[in-house]
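>>> Got a sequence here, can you model it:
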Amino acid sequence: MIKPVHLLAGWLSLGSHDTTDTVVATRLFRLLFALGLFYGACIEPRWLYNQYFAQLISGITHCPTDSVTYLLNGSTYTLIAQIPALLLKAGVDEWSLNVLSSAIFTALAFSAVGMATLTLSRMPLLALLLPLAMLTVRLVPDHFYAVLYPADLSIFGIVAMFYALLTLARTALGFKGSALFLTGLAPAIHPTWALAVWCLVFLVLWLRNEPLLTRENLTALLAGLLLFAISYAAHRLWVMPPTESVPAQAIETVVQAWREGLKVGNHHQMIGNSPTPIRHALFFFLPEITLALLSWFSVRRTRPLIQGNGRILLQALWIFTGVLVAVRVGHELFASQLPWQIDLLLYNRWLNLNTVVNIILIVSLLTRLVWLEGNPMARFAMLFLALITLGSAIYRRHLPITPCFDCALFPNLPAASVAMEGVLLLFFLSVLLSTRMERLPLGGGRRFPPLHWSLHAADKWLLGVVLLSFTVRAIIAFRPAQIVDEWAYHRYHRHIKRECQQDWPAFQKRMAESAGGLVMGPGTGSRAGINKTVLYSTRQCSHTLPVGGHPYSPASLSKAKAFNKAFMCGDETGKEGFPESLQTCWQSMEPHRWREEAMPHGITQILADERWQLKLQPLQTWCGVTLYAIPVSPDHE
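Predicted coordinates for the structure are as follows:
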């Protein structure tokens, strides 16, 4: 009879990837994918933006194709919105698609982290556990683009990042067929991230001295490209609205205004425009410094800790990172001379691969040092890591395990944030030292850790913390009802104030009576305590003031400017005494003026703070806000 301990021992294969390891990697991938499907569907399902985009594409929101909302979101090309749109057309409800998407995207994240861990550590058991451990780890610094694991409401860039990591890992592991198929399909998942995928995959193949132009490789690559071509052709033919003829000078004007309006903290912000550029530069480039140090200390030793496929993955990442850092420096220095289209790449988020890989590297190095060499310093660092992981699991916002600078770990306690950053730096130094020595000499014959310290259970403590935090998190989050009932999901996450929940169905029905668009006044969401995902379920073509466009769709910028001018009384940006000035204007507007401004944009309803008292027909008041009807003709004024 095979005992469980023998089965576990079979997972602890530390050899290079021969045929047996390929089999193990395949089994591990399937297990992680299945585990991710279960976790995403049953433990943490969520409303995702791809369903909102799918609503627009499928037409069930009745958003005109020339509206700013459709131009900004509905016309965006991505397969992960296109497929749900088809299913919505076929009659599948939004919540079922959200649960399905949550499952698939979580499975993708688990698989990506697990495969990358297997490549770097060559330890299948660690590759199985690390995706679970990362559920309670905060991924910062993030290069001005938040990294949320395993999924996030605004899903596209996060899905694409884990898609890239999975493709990179499978290429390094030797699964060329599936990796090249994913490479060919990458533009359908995320057009700009596809550039990163192509660069990384071809770097790995080049470093492995493997020919690309073989029949097998080209077949897999072309199969992915063919699916992308079919998907994109469908988008151009049936989804993308007719291109408006916008003069080049007008585009330059609105894009320049958009660039000047970017705030600190925006995805596209430039370090040089920050009031504290040195602090922002340290925050931005710290993951790259961390990766360089971890890689150097792990490879440049008598017994390298990262070998074979893992070393090739790291080398590809080094080259890719080096090029991106050089591009970023050039962009910072010559931003005013460069075309605005470079901002659309948002290439800084490609560096977030380093933020994820740094965590994998730290845990992989410590585990190999403890299990293979019995290194006392590594055991101490692993116990240190167990304490940080425990604290991260308890703290609601979670904590990073990599060095962090100016990360506001405790927003209301600046001193505590600085102290925690110091703790993380000490932990990182202990990791680096453990790759060079077993004990740190302190002078006078003393060493650290002391000889009498018993640290043999450090790995068991870390394992216990990971399993305990995952189990507790899963038990707390598990709500069987939310798998099939969207309202159970909103209620559990308190997306509507408890005292307002009972009256919401009647108010929702009232909103849905109009096929026209809805404008939400400033502060209405916070006033009612309602989450925007609840509004998505109403299938309304809704707009929250001030609306914004994006250079991805230049027409959306000009349309947003006109929309804001119409509904914000000439204020196109919302900066001039907003929202007090808007309240005064709205309260003075007569019904005929509302109709004149609203009709060109297809707006038939206004949602405003109940204290504003507009000169329109009130339909219903709910939870501090009032829904008004805009007259569709002079007879209804």
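>>> The helix or strand containing Val23 - contacts with which helices or strands?
Taking DSSP states H and E as the definition, Val23 sits inside helix 19-38. Applying 3 or more Cβ pairs under 8 Å, 6 or more residues apart in numbering; DSSP states H and E, one finds that helix 19-38 contacts helix 94-121, helix 124-133. To be clear about C-beta, it is placed using only N, CA and C from the backbone, and glycine gets the same treatment.
>>> Kindly reformat those as TSV containing mean neighbour count, mean pLDDT and distance to Ser336.
Formatted as TSV, the helices and strands packed on helix 19-38 follow (neighbours: other Cβ atoms under 10 Å; pLDDT from 0 to 100; distance: least, Cβ to Cβ, whole Å):
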stretch	mean neighbour count	mean pLDDT	distance to Ser336
helix 94-121	25	96	37
helix 124-133	23	94	43
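>>> Ala326 is nearest to which of the ones you listed?
Taking Cβ to Cβ, helix 94-121 is the member of the helices and strands packed on helix 19-38 nearest to Ala326, at 24.4 Å.
>>> And that closest one, how far out from the chain middle?
Relative to its chain's centre, helix 94-121 lies at 12 Å (Cα atoms, centre = their mean, to the nearest Å).
>>> Can you list the helices and strands that that helix packs against?
Using 3+ Cβ pairs under 8 Å, 6+ apart, helix 94-121 is in contact with helix 19-38, helix 49-58, helix 79-89, helix 124-133, helix 156-173, helix 308-333, helix 352-373, helix 486-492.
>>> Ramachandran coordinates for the residue located most distally from the centre of the chain?
Within the chain, the residue lying farthest from the chain centre (Cα atoms, centre = their mean) is Gly444, at 50.8 Å. The phi/psi pair for Gly444 (degrees, to the nearest 10) reads phi 70, psi 30.
>>> got it, and Thr544?
Torsion angles, degrees, to the nearest 10, at Thr544: phi -100, psi 130.
>>> Name the nearest residue to it, sequence neighbours excluded.
Nearest residue to Thr544 in three dimensions, chain neighbours excluded: Met520, at 4.7 Å (Cβ to Cβ, 6 or more residues apart in numbering).
>>> can you pull up the bridge partners for that neighbour?
Beta bridges link Met520 to Thr544, Leu607 when assigned by DSSP bridges.
>>> from memory it sits against Leu545, does it?
Yes - with contacts counted by Cβ atoms under 8 Å, Met520 reaches Leu545, the gap being 6.9 Å.
>>> which stretches of the stretch 501-637 of the chain aren't confidently modelled?
573-577, 634-637 (pLDDT under 70).
>>> Kindly report the same for the chain.
1-20, 241-250, 260-265, 573-577, 634-637.
>>> Going along the chain, name the strands of it.
Ranges of strands in the chain, per DSSP state E, are 440-443, 446-448, 517-520, 542-544, 603-609, 617-622, 625-629.
>>> Any idea which of those strands gets closest to Trp340?
strand 542-544 (25.1 Å).
>>> check contacts around Ala292.
Residues near Ala292 by Cβ atoms under 8 Å, 6 or more residues apart in numbering: Trp318.
>>> could you measure it against Met115, distance?
As for Ala292, its distance to Met115 is 23 Å (criterion: Cβ to Cβ, to the nearest Å).
>>> Please render the helices and strands packed on helix 94-121 as a markdown table that adds distance to Lys559 to the earlier fields.
Output for those, formatted as a markdown table (distance: least, Cβ to Cβ, whole Å):
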| stretch | distance to Lys559 |
| --- | --- |
| helix 19-38 | 39 |
| helix 49-58 | 14 |
| helix 79-89 | 20 |
| helix 124-133 | 42 |
| helix 156-173 | 21 |
| helix 308-333 | 28 |
| helix 352-373 | 31 |
| helix 486-492 | 31 |
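>>> for these, which one sits closest to Val147?
Using Cβ to Cβ, the nearest of those to Val147 is helix 352-373, at 5.0 Å.
>>> Am I right that Met161 is in contact with Val147?
Yes - when contacts are counted by Cβ under 8 Å, Met161 is listed as touching Val147 (7.2 Å).
>>> With mean neighbour count and distance to Thr471 added, can I get the strands of the chain in TSV?
Below are the strands of the chain laid out as TSV (neighbours: other Cβ atoms under 10 Å; distance: least, Cβ to Cβ, whole Å):
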stretch	mean neighbour count	distance to Thr471
strand 440-443	11	35
strand 446-448	14	34
strand 517-520	22	41
strand 542-544	20	39
strand 603-609	23	42
strand 617-622	15	40
strand 625-629	22	41
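>>> So which of these is nearest Gln256?
When the strands of the chain are ranked by proximity to Gln256 (Cβ to Cβ), strand 542-544 comes first, at 23.8 Å.
>>> Does anything pack onto that closest one? Which helices or strands?
helix 68-69, strand 517-520.
>>> Specify the stretch among these that is closest to Phe29.
helix 68-69 (38.5 Å).
>>> In contact with the residue nearest to Phe29 when sequence neighbours are not counted, which residues are there?
Distances taken as Cβ to Cβ, 6+ apart put Ser111 closest to Phe29, at 5.7 Å, once the chain neighbours are dropped. Neighbour list for Ser111: 29, 32-33, 36, 131, 166 [criterion: Cβ under 8 Å, 6+ apart].
>>> ok, of those, which one's closest to Ile155?
After measuring these against Ile155 - Cβ to Cβ - the closest member comes out as Gly36, at 14.5 Å.
>>> Test my guess that that closest one contacts Ser102.
No - contact status for Gly36 versus Ser102: not in contact, 9.8 Å apart, counting by Cβ under 8 Å.
>>> which residues does the residue most central in space within the chain contact?
In the chain, the residue lying closest to the centroid (Cα atoms, centre = their mean) is Ile158, at 3.1 Å. Applying Cβ under 8 Å, 6+ apart to Ile158 gives the contacts 105, 109, 147-149, 151-152.
>>> ok, now Ala160?
Taking Cβ under 8 Å, 6+ apart, we find Ala160 in contact with 189-190, 193.
>>> where do the helices sit along the stretch 401-550 of the chain?
414-434, 458-477, 481-484, 486-492, 504-512, 524-528, 532-536 (DSSP state H, counting those that start in this stretch).
>>> for the ones you listed, which one sits closest to Pro84?
Nearest to Pro84 among these is helix 532-536; the distance by Cβ to Cβ comes to 12.5 Å.
>>> Could the C-alpha coordinates of that closest one be exported in PDB?
Extracted C-alpha coordinates of helix 532-536, given in PDB (Å, rounded to 0.1, in the frame of the first residue of the first chain):
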ATOM      1  CA  LYS A 532     -21.000  50.200  -9.300                       C
ATOM      2  CA  THR A 533     -21.200  46.500 -10.000                       C
ATOM      3  CA  VAL A 534     -24.800  46.600  -8.700                       C
ATOM      4  CA  LEU A 535     -25.600  49.200 -11.300                       C
ATOM      5  CA  TYR A 536     -24.100  47.000 -14.000                       C
END
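>>> So what touches that helix?
So helix 532-536 is contacted by 47, 51-52, 55, 94, 153, 490, 495-496, 504, 525, 542, 544 (Cβ under 8 Å, 6+ apart).
>>> Just put those in JSON lines and tack on distance to Phe334.
Below are those laid out as JSON lines (distance: Cβ to Cβ, whole Å):
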{"residue": "Trp47", "distance to Phe334": "41"}
{"residue": "Gln51", "distance to Phe334": "40"}
{"residue": "Tyr52", "distance to Phe334": "37"}
{"residue": "Gln55", "distance to Phe334": "41"}
{"residue": "Glu94", "distance to Phe334": "45"}
{"residue": "Leu153", "distance to Phe334": "35"}
{"residue": "His490", "distance to Phe334": "48"}
{"residue": "His495", "distance to Phe334": "45"}
{"residue": "Ile496", "distance to Phe334": "49"}
{"residue": "Trp504", "distance to Phe334": "52"}
{"residue": "Gly525", "distance to Phe334": "40"}
{"residue": "Ser542", "distance to Phe334": "40"}
{"residue": "Thr544", "distance to Phe334": "36"}
